[in-house]
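Undergrad: sequence and predicted structure, then a few things I'm wondering about:
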Amino acid sequence: MSEQTINHPISIAPMLKWTDLHHRYLMRLISSRALLYTEMITTGALIHGERERYLAYNSEEHPVSMQLGGSDPEQLAFCSKLIEQHGYDELNLNLGCPSDRVQSGQFGACLMLDHQRVKACIEAMIESVDIPVTAKIRIGVDEHDSYEHLHAFTSMLVEAGCKTIIVHARKAWLSGLSPKENREVPPLDYPTVYRLKRDFPTTLFVLNGGIETFEQIEQQYEHVDGVMVGRAAYHNPYLLAQADQKLYGETTPVKSRHQIALEYCNYIEHQCSKGVRLNKLSRHILGLFQGEKGAKRFRRLISENAHKDSYGPELIYKALYFTCGEQAA
Ligand SMILES: Cc1cc2nc3c(=O)[nH]c(=O)nc-3n(C[C@H](O)[C@H](O)[C@H](O)COP(=O)(O)O)c2cc1C
(Lines give C-alpha, C1' and ligand atoms only; values in the text may rest on other atoms or scores of the structure.)
Protein backbone atom coordinates (compact mmCIF):
# COMPACT_ATOMS: atom_id res chain seq x y z
CA MET A 1 0.00 0.00 0.00
CA SER A 2 1.33 3.41 -1.01
CA GLU A 3 2.76 5.25 2.00
CA GLN A 4 5.60 7.25 0.59
CA THR A 5 5.83 10.94 0.09
CA ILE A 6 8.62 12.33 -2.04
CA ASN A 7 9.10 16.05 -2.27
CA HIS A 8 10.13 17.20 -5.73
CA PRO A 9 10.73 20.94 -5.84
CA ILE A 10 10.48 20.94 -9.62
CA SER A 11 8.58 18.81 -12.10
CA ILE A 12 7.78 18.91 -15.81
CA ALA A 13 4.04 18.77 -16.45
CA PRO A 14 2.29 15.93 -18.26
CA MET A 15 1.54 17.18 -21.79
CA LEU A 16 -0.24 15.04 -24.34
CA LYS A 17 1.78 14.55 -27.55
CA TRP A 18 4.64 16.62 -26.08
CA THR A 19 6.13 14.83 -23.06
CA ASP A 20 6.84 11.54 -24.79
CA LEU A 21 9.88 9.47 -23.84
CA HIS A 22 12.18 11.42 -26.17
CA HIS A 23 11.22 14.72 -24.63
CA ARG A 24 11.72 13.30 -21.17
CA TYR A 25 15.18 12.08 -22.18
CA LEU A 26 16.05 15.61 -23.29
CA MET A 27 14.77 17.09 -20.04
CA ARG A 28 16.81 14.59 -18.08
CA LEU A 29 19.95 15.77 -19.87
CA ILE A 30 19.13 19.27 -18.64
CA SER A 31 18.20 18.37 -15.06
CA SER A 32 19.27 15.10 -13.50
CA ARG A 33 16.79 15.59 -10.64
CA ALA A 34 13.50 17.14 -11.82
CA LEU A 35 10.48 14.84 -11.69
CA LEU A 36 9.27 14.05 -15.22
CA TYR A 37 5.68 13.19 -16.09
CA THR A 38 4.43 11.08 -18.95
CA GLU A 39 1.57 12.24 -21.14
CA MET A 40 -1.79 11.18 -19.73
CA ILE A 41 -2.45 7.52 -20.56
CA THR A 42 -6.00 6.28 -20.12
CA THR A 43 -6.86 3.07 -18.33
CA GLY A 44 -8.60 1.97 -21.54
CA ALA A 45 -5.40 2.41 -23.55
CA LEU A 46 -3.37 0.43 -21.03
CA ILE A 47 -5.91 -2.35 -20.76
CA HIS A 48 -6.92 -2.70 -24.43
CA GLY A 49 -4.20 -0.85 -26.38
CA GLU A 50 -0.51 -1.19 -27.11
CA ARG A 51 0.40 -1.57 -23.47
CA GLU A 52 4.15 -2.01 -23.84
CA ARG A 53 4.42 1.05 -26.05
CA TYR A 54 2.53 3.23 -23.56
CA LEU A 55 4.58 1.95 -20.63
CA ALA A 56 7.96 2.29 -22.33
CA TYR A 57 10.53 4.76 -21.03
CA ASN A 58 14.30 5.18 -21.05
CA SER A 59 16.05 3.94 -17.91
CA GLU A 60 17.77 7.36 -17.67
CA GLU A 61 14.41 9.04 -17.06
CA HIS A 62 14.06 8.32 -13.34
CA PRO A 63 12.46 9.83 -11.37
CA VAL A 64 9.49 9.48 -13.71
CA SER A 65 5.78 9.56 -12.93
CA MET A 66 3.01 8.15 -15.08
CA GLN A 67 -0.22 10.08 -15.30
CA LEU A 68 -3.36 8.00 -15.59
CA GLY A 69 -6.76 9.07 -16.86
CA GLY A 70 -9.69 6.99 -15.68
CA SER A 71 -12.60 6.78 -13.29
CA ASP A 72 -13.15 3.10 -12.64
CA PRO A 73 -11.49 2.08 -9.34
CA GLU A 74 -10.90 -1.52 -10.42
CA GLN A 75 -9.35 -0.53 -13.73
CA LEU A 76 -7.24 2.13 -12.04
CA ALA A 77 -6.01 -0.42 -9.49
CA PHE A 78 -5.11 -2.84 -12.27
CA CYS A 79 -3.24 -0.17 -14.24
CA SER A 80 -1.53 1.14 -11.10
CA LYS A 81 -0.01 -2.28 -10.52
CA LEU A 82 1.20 -2.46 -14.12
CA ILE A 83 2.80 0.95 -13.80
CA GLU A 84 4.53 0.04 -10.56
CA GLN A 85 5.74 -3.25 -12.01
CA HIS A 86 7.29 -1.32 -14.89
CA GLY A 87 9.39 0.64 -12.42
CA TYR A 88 7.74 4.04 -12.45
CA ASP A 89 8.53 6.13 -9.39
CA GLU A 90 5.12 7.74 -8.96
CA LEU A 91 1.57 7.50 -10.18
CA ASN A 92 -0.69 10.49 -10.82
CA LEU A 93 -4.42 10.70 -11.41
CA ASN A 94 -5.60 13.35 -13.87
CA LEU A 95 -8.43 15.36 -12.33
CA GLY A 96 -7.85 18.54 -14.28
CA CYS A 97 -8.13 17.91 -18.02
CA PRO A 98 -11.27 19.51 -19.49
CA SER A 99 -11.25 18.14 -23.07
CA ASP A 100 -14.49 16.75 -24.54
CA ARG A 101 -12.87 13.42 -25.22
CA VAL A 102 -11.88 13.16 -21.59
CA GLN A 103 -15.32 14.21 -20.36
CA SER A 104 -17.08 11.63 -22.51
CA GLY A 105 -14.86 9.00 -20.87
CA GLN A 106 -15.90 10.49 -17.50
CA PHE A 107 -12.47 11.42 -16.28
CA GLY A 108 -10.26 14.46 -15.97
CA ALA A 109 -11.66 17.72 -14.58
CA CYS A 110 -15.32 16.61 -14.56
CA LEU A 111 -14.39 14.21 -11.75
CA MET A 112 -13.92 17.21 -9.47
CA LEU A 113 -17.74 17.20 -9.31
CA ASP A 114 -17.92 13.57 -8.15
CA HIS A 115 -16.13 13.40 -4.81
CA GLN A 116 -17.22 9.89 -3.90
CA ARG A 117 -15.99 8.40 -7.16
CA VAL A 118 -12.62 10.12 -6.86
CA LYS A 119 -12.28 8.90 -3.28
CA ALA A 120 -12.91 5.34 -4.42
CA CYS A 121 -10.40 5.76 -7.29
CA ILE A 122 -7.61 7.17 -5.13
CA GLU A 123 -8.18 4.58 -2.41
CA ALA A 124 -8.09 1.76 -4.95
CA MET A 125 -4.84 3.08 -6.46
CA ILE A 126 -3.16 3.59 -3.09
CA GLU A 127 -4.25 0.15 -1.93
CA SER A 128 -2.71 -1.54 -4.95
CA VAL A 129 0.82 -0.06 -5.02
CA ASP A 130 3.75 1.03 -2.84
CA ILE A 131 4.80 4.01 -4.97
CA PRO A 132 3.30 7.44 -4.17
CA VAL A 133 -0.10 8.20 -5.68
CA THR A 134 -0.64 11.90 -6.42
CA ALA A 135 -3.48 13.90 -7.98
CA LYS A 136 -3.48 16.81 -10.41
CA ILE A 137 -6.46 19.10 -9.98
CA ARG A 138 -7.82 22.53 -10.95
CA ILE A 139 -9.00 25.13 -8.42
CA GLY A 140 -12.59 24.76 -9.62
CA VAL A 141 -14.86 23.54 -12.38
CA ASP A 142 -17.64 25.58 -14.05
CA GLU A 143 -19.65 27.41 -11.43
CA HIS A 144 -18.25 25.13 -8.71
CA ASP A 145 -15.39 27.47 -8.08
CA SER A 146 -15.77 28.50 -4.45
CA TYR A 147 -12.93 27.95 -2.02
CA GLU A 148 -15.34 25.82 0.04
CA HIS A 149 -15.78 23.42 -2.86
CA LEU A 150 -12.03 23.21 -3.42
CA HIS A 151 -11.43 22.75 0.31
CA ALA A 152 -13.98 19.92 0.49
CA PHE A 153 -12.48 18.21 -2.57
CA THR A 154 -8.97 18.54 -1.14
CA SER A 155 -10.14 17.17 2.25
CA MET A 156 -11.52 14.15 0.45
CA LEU A 157 -8.21 13.58 -1.41
CA VAL A 158 -6.25 13.86 1.83
CA GLU A 159 -8.65 11.52 3.63
CA ALA A 160 -8.33 9.02 0.79
CA GLY A 161 -4.56 9.01 1.40
CA CYS A 162 -3.22 11.43 -1.19
CA LYS A 163 -0.08 13.09 0.21
CA THR A 164 0.86 15.25 -2.77
CA ILE A 165 -1.56 17.38 -4.76
CA ILE A 166 -0.63 19.29 -7.90
CA VAL A 167 -2.86 22.28 -8.44
CA HIS A 168 -3.22 23.96 -11.82
CA ALA A 169 -4.05 27.39 -10.43
CA ARG A 170 -7.02 28.19 -12.64
CA LYS A 171 -10.52 26.78 -12.92
CA ALA A 172 -11.73 24.80 -15.94
CA TRP A 173 -14.85 25.38 -17.99
CA LEU A 174 -16.23 22.03 -19.13
CA SER A 175 -18.02 23.51 -22.12
CA GLY A 176 -17.48 26.57 -24.26
CA LEU A 177 -13.69 26.59 -24.04
CA SER A 178 -11.21 24.38 -25.89
CA PRO A 179 -8.49 22.65 -23.83
CA LYS A 180 -6.04 25.29 -25.11
CA GLU A 181 -8.35 28.14 -24.05
CA ASN A 182 -8.81 26.41 -20.72
CA ARG A 183 -5.07 26.84 -20.20
CA GLU A 184 -5.22 30.53 -21.00
CA VAL A 185 -8.62 32.14 -20.41
CA PRO A 186 -9.56 31.36 -16.78
CA PRO A 187 -7.36 33.65 -14.68
CA LEU A 188 -4.45 32.31 -12.65
CA ASP A 189 -5.03 32.39 -8.91
CA TYR A 190 -1.90 31.49 -6.93
CA PRO A 191 -3.18 32.80 -3.55
CA THR A 192 -5.84 30.07 -3.55
CA VAL A 193 -3.11 27.42 -3.84
CA TYR A 194 -1.15 29.11 -1.03
CA ARG A 195 -4.31 29.04 1.09
CA LEU A 196 -4.69 25.31 0.51
CA LYS A 197 -1.13 24.79 1.73
CA ARG A 198 -1.90 26.79 4.88
CA ASP A 199 -5.10 24.82 5.48
CA PHE A 200 -3.50 21.40 4.85
CA PRO A 201 0.05 21.94 6.13
CA THR A 202 1.07 18.27 6.18
CA THR A 203 0.08 17.70 2.53
CA LEU A 204 2.60 18.58 -0.19
CA PHE A 205 1.26 21.09 -2.69
CA VAL A 206 2.79 21.61 -6.12
CA LEU A 207 1.78 24.80 -7.90
CA ASN A 208 1.23 24.69 -11.65
CA GLY A 209 0.20 27.20 -14.29
CA GLY A 210 1.78 30.20 -15.99
CA ILE A 211 5.32 29.86 -14.63
CA GLU A 212 7.74 31.25 -17.20
CA THR A 213 11.04 32.11 -15.53
CA PHE A 214 13.41 30.52 -13.04
CA GLU A 215 12.92 33.50 -10.72
CA GLN A 216 9.17 32.82 -10.68
CA ILE A 217 9.89 29.20 -9.77
CA GLU A 218 12.12 30.23 -6.85
CA GLN A 219 9.53 32.69 -5.52
CA GLN A 220 6.96 29.93 -5.04
CA TYR A 221 8.85 27.99 -2.36
CA GLU A 222 7.88 30.57 0.20
CA HIS A 223 4.30 29.34 -0.19
CA VAL A 224 4.24 25.80 -1.62
CA ASP A 225 6.38 22.66 -1.70
CA GLY A 226 6.97 22.35 -5.40
CA VAL A 227 6.46 23.88 -8.83
CA MET A 228 5.36 22.13 -12.00
CA VAL A 229 6.26 23.77 -15.29
CA GLY A 230 4.61 22.87 -18.59
CA ARG A 231 4.66 25.01 -21.71
CA ALA A 232 7.59 27.21 -20.73
CA ALA A 233 9.79 24.15 -20.19
CA TYR A 234 8.74 22.73 -23.55
CA HIS A 235 9.32 25.91 -25.54
CA ASN A 236 12.45 26.92 -23.64
CA PRO A 237 13.93 23.75 -22.10
CA TYR A 238 17.10 25.55 -21.00
CA LEU A 239 14.89 27.27 -18.40
CA LEU A 240 15.76 24.37 -16.12
CA ALA A 241 19.51 24.45 -16.72
CA GLN A 242 20.27 25.60 -13.16
CA ALA A 243 17.67 23.46 -11.40
CA ASP A 244 20.11 20.82 -10.11
CA GLN A 245 22.48 23.37 -8.65
CA LYS A 246 19.99 25.89 -7.29
CA LEU A 247 17.20 23.60 -6.10
CA TYR A 248 18.99 20.35 -5.27
CA GLY A 249 22.41 21.63 -4.18
CA GLU A 250 24.29 19.69 -6.85
CA THR A 251 27.85 20.87 -7.38
CA THR A 252 28.25 19.69 -10.97
CA PRO A 253 28.76 22.53 -13.47
CA VAL A 254 25.70 23.84 -15.32
CA LYS A 255 25.72 22.35 -18.83
CA SER A 256 25.80 24.65 -21.84
CA ARG A 257 23.06 24.49 -24.46
CA HIS A 258 25.65 23.25 -26.89
CA GLN A 259 26.68 20.38 -24.58
CA ILE A 260 23.05 19.37 -24.10
CA ALA A 261 22.50 19.46 -27.86
CA LEU A 262 25.50 17.22 -28.49
CA GLU A 263 24.36 14.73 -25.84
CA TYR A 264 20.87 14.70 -27.35
CA CYS A 265 22.45 14.16 -30.79
CA ASN A 266 23.98 10.93 -29.48
CA TYR A 267 20.53 9.87 -28.39
CA ILE A 268 19.08 10.86 -31.77
CA GLU A 269 21.68 8.77 -33.58
CA HIS A 270 20.91 5.79 -31.38
CA GLN A 271 17.13 6.14 -31.79
CA CYS A 272 17.36 6.71 -35.58
CA SER A 273 19.43 3.53 -35.87
CA LYS A 274 16.48 1.73 -34.23
CA GLY A 275 14.12 3.16 -36.86
CA VAL A 276 12.64 6.17 -35.01
CA ARG A 277 11.97 9.02 -37.43
CA LEU A 278 14.23 12.02 -37.07
CA ASN A 279 11.43 14.59 -36.78
CA LYS A 280 9.89 12.72 -33.83
CA LEU A 281 13.15 13.31 -31.98
CA SER A 282 14.27 16.66 -33.29
CA ARG A 283 11.01 18.52 -32.62
CA HIS A 284 11.81 18.61 -28.91
CA ILE A 285 15.03 20.59 -29.28
CA LEU A 286 13.66 23.35 -31.49
CA GLY A 287 13.50 25.73 -28.52
CA LEU A 288 16.87 24.81 -26.97
CA PHE A 289 18.58 27.99 -28.15
CA GLN A 290 15.62 30.28 -27.47
CA GLY A 291 16.81 33.82 -26.87
CA GLU A 292 20.29 33.10 -28.29
CA LYS A 293 21.88 34.37 -31.48
CA GLY A 294 21.13 31.90 -34.29
CA ALA A 295 18.11 30.39 -32.51
CA LYS A 296 15.74 31.10 -35.41
CA ARG A 297 18.08 29.56 -37.93
CA PHE A 298 18.54 26.46 -35.75
CA ARG A 299 14.78 26.04 -35.45
CA ARG A 300 14.12 26.70 -39.12
CA LEU A 301 16.77 24.39 -40.50
CA ILE A 302 15.50 21.51 -38.40
CA SER A 303 11.77 22.08 -38.76
CA GLU A 304 11.96 22.55 -42.53
CA ASN A 305 14.04 19.44 -43.16
CA ALA A 306 13.73 16.85 -40.39
CA HIS A 307 10.68 15.19 -41.96
CA LYS A 308 12.50 14.58 -45.27
CA ASP A 309 13.73 11.07 -45.91
CA SER A 310 17.02 12.43 -47.23
CA TYR A 311 18.02 13.70 -43.80
CA GLY A 312 19.38 11.84 -40.81
CA PRO A 313 21.02 12.88 -37.54
CA GLU A 314 23.65 14.90 -39.45
CA LEU A 315 20.96 17.56 -39.95
CA ILE A 316 21.13 18.40 -36.26
CA TYR A 317 24.93 18.69 -36.35
CA LYS A 318 24.57 20.96 -39.35
CA ALA A 319 22.04 23.16 -37.54
CA LEU A 320 24.33 23.25 -34.52
CA TYR A 321 27.26 24.25 -36.69
CA PHE A 322 25.30 27.19 -38.06
CA THR A 323 24.15 28.15 -34.57
CA CYS A 324 27.22 27.63 -32.41
CA GLY A 325 29.99 27.77 -35.00
CA GLU A 326 32.81 25.34 -35.41
CA GLN A 327 32.90 24.23 -31.78
CA ALA A 328 29.70 22.34 -32.48
CA ALA A 329 30.88 20.37 -35.46
C1 LIG B 1 0.01 20.30 -25.35
C2 LIG B 1 -0.45 20.13 -23.93
C3 LIG B 1 -0.91 18.91 -23.50
C4 LIG B 1 -1.32 18.73 -22.18
N5 LIG B 1 -1.68 17.46 -21.76
C6 LIG B 1 -1.95 17.26 -20.44
C7 LIG B 1 -2.13 15.95 -19.93
O8 LIG B 1 -2.01 14.95 -20.64
N9 LIG B 1 -2.43 15.83 -18.60
C10 LIG B 1 -2.53 16.92 -17.77
O11 LIG B 1 -2.78 16.77 -16.57
N12 LIG B 1 -2.33 18.17 -18.23
C13 LIG B 1 -2.02 18.36 -19.51
N14 LIG B 1 -1.73 19.61 -19.96
C15 LIG B 1 -1.74 20.74 -19.01
C16 LIG B 1 -0.36 20.93 -18.37
O17 LIG B 1 0.02 19.77 -17.64
C18 LIG B 1 -0.37 22.13 -17.41
O19 LIG B 1 -1.28 21.88 -16.37
C20 LIG B 1 -0.79 23.42 -18.12
O21 LIG B 1 -0.14 23.57 -19.37
C22 LIG B 1 -0.47 24.64 -17.23
O23 LIG B 1 0.90 24.71 -16.94
P24 LIG B 1 1.89 25.71 -17.76
O25 LIG B 1 1.26 27.07 -17.71
O26 LIG B 1 3.19 25.64 -17.01
O27 LIG B 1 1.96 25.19 -19.15
C28 LIG B 1 -1.31 19.82 -21.27
C29 LIG B 1 -0.83 21.06 -21.72
C30 LIG B 1 -0.39 21.22 -23.02
C31 LIG B 1 0.15 22.58 -23.46
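TA: In hand now; what should we look at?

Undergrad: next, give phi and psi for Leu111.
TA: Main-chain torsions, Leu111, degrees, to the nearest 10: phi -70, psi -20.

Undergrad: helices of the stretch 101-250 of the chain, start to end?
TA: Assigned by DSSP state H, counting those that start in this stretch, the helices in the stretch 101-250 of the chain fall at 115-128, 147-160, 190-199, 214-220, 231-235, 243-248.

Undergrad: quick check: the residue nearest to Arg195 when sequence neighbours are not counted vs Asp100, distance?
TA: Using C-beta to C-beta, 6 or more residues apart in numbering and skipping residues adjacent in sequence, the residue nearest Arg195 is Tyr147, 6.9 Å away. Every C-beta, even on glycine, is put in place using the N, C-alpha and C of the backbone. Separation of Tyr147 from Asp100 (C-beta to C-beta, to the nearest Å): 28 Å.

Undergrad: same check, this time on Gly209
TA: 21 Å.

Undergrad: which ones are touching whatever residue of the stretch 201-329 of the chain ends up closest to the ligand?
TA: At 2.7 Å from the ligand, Gly230 is the closest residue in the stretch 201-329 of the chain, using C-beta to the nearest ligand atom. Neighbour list for Gly230: Ile12, Ala13, Met15, Asn208, Gly209 [criterion: C-beta atoms under 8 Å, 6 or more residues apart in numbering].

Undergrad: Ser146 is in contact with Lys171, correct?
TA: No - using C-beta atoms under 8 Å, Lys171 is not in contact with Ser146, being 10.4 Å away.

Undergrad: Gly209 and Asp100: who's more crowded?
TA: It is Gly209, of Gly209 and Asp100, that has more neighbours when counted by other C-beta atoms under 10 Å, with 24 against 12.

Undergrad: what's the closest non-adjacent residue to that one?
TA: Per C-beta to C-beta, 6+ apart, closest to Gly209 is Ala169, 4.3 Å.

Undergrad: got it, and Ala261?
TA: Leu320 (5.5 Å).

Undergrad: residues from the stretch 101-250 of the chain in reach of the ligand?
TA: Residues of the stretch 101-250 of the chain lying near the ligand by C-beta under 6 Å from any ligand atom: Lys136, His168, Arg183, Asn208, Gly209, Gly210, Ile211, Val229, Gly230, Arg231, Ala232.

Undergrad: tabulate those residues (JSON lines), appending pLDDT.
TA: Putting these into JSON lines (pLDDT from 0 to 100) gives the following:
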{"residue": "Lys136", "pLDDT": "98"}
{"residue": "His168", "pLDDT": "98"}
{"residue": "Arg183", "pLDDT": "94"}
{"residue": "Asn208", "pLDDT": "98"}
{"residue": "Gly209", "pLDDT": "98"}
{"residue": "Gly210", "pLDDT": "98"}
{"residue": "Ile211", "pLDDT": "98"}
{"residue": "Val229", "pLDDT": "98"}
{"residue": "Gly230", "pLDDT": "98"}
{"residue": "Arg231", "pLDDT": "98"}
{"residue": "Ala232", "pLDDT": "98"}
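
Undergrad: all strands of the stretch 201-329 of the chain, in order?
TA: 204-208, 226-229 (DSSP state E, counting those that start in this stretch).

Undergrad: got a markdown table for those, with mean neighbour count and distance to Gly287 too?
TA: Below are those laid out as a markdown table (neighbours: other C-beta atoms under 10 Å; distance: least, C-beta to C-beta, whole Å):
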| stretch | mean neighbour count | distance to Gly287 |
| --- | --- | --- |
| strand 204-208 | 23 | 19 |
| strand 226-229 | 23 | 13 |
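
Undergrad: report the buried residues of stretch 61-69.
TA: Neighbour-count burial for stretch 61-69, counted by 16 or more other C-beta atoms under 10 Å, picks out Glu61, Val64, Ser65, Met66, Gln67, Leu68, Gly69.

Undergrad: hmm, the first one is touching Leu26, no?
TA: In this case it means Glu61. No - taking C-beta under 8 Å as the definition, Glu61 is not a contact partner of Leu26, at 10.4 Å.

Undergrad: got any ranges where the stretch 1-150 of the chain has weak pLDDT?
TA: 2-6, 101, 103, 105 (pLDDT under 70).
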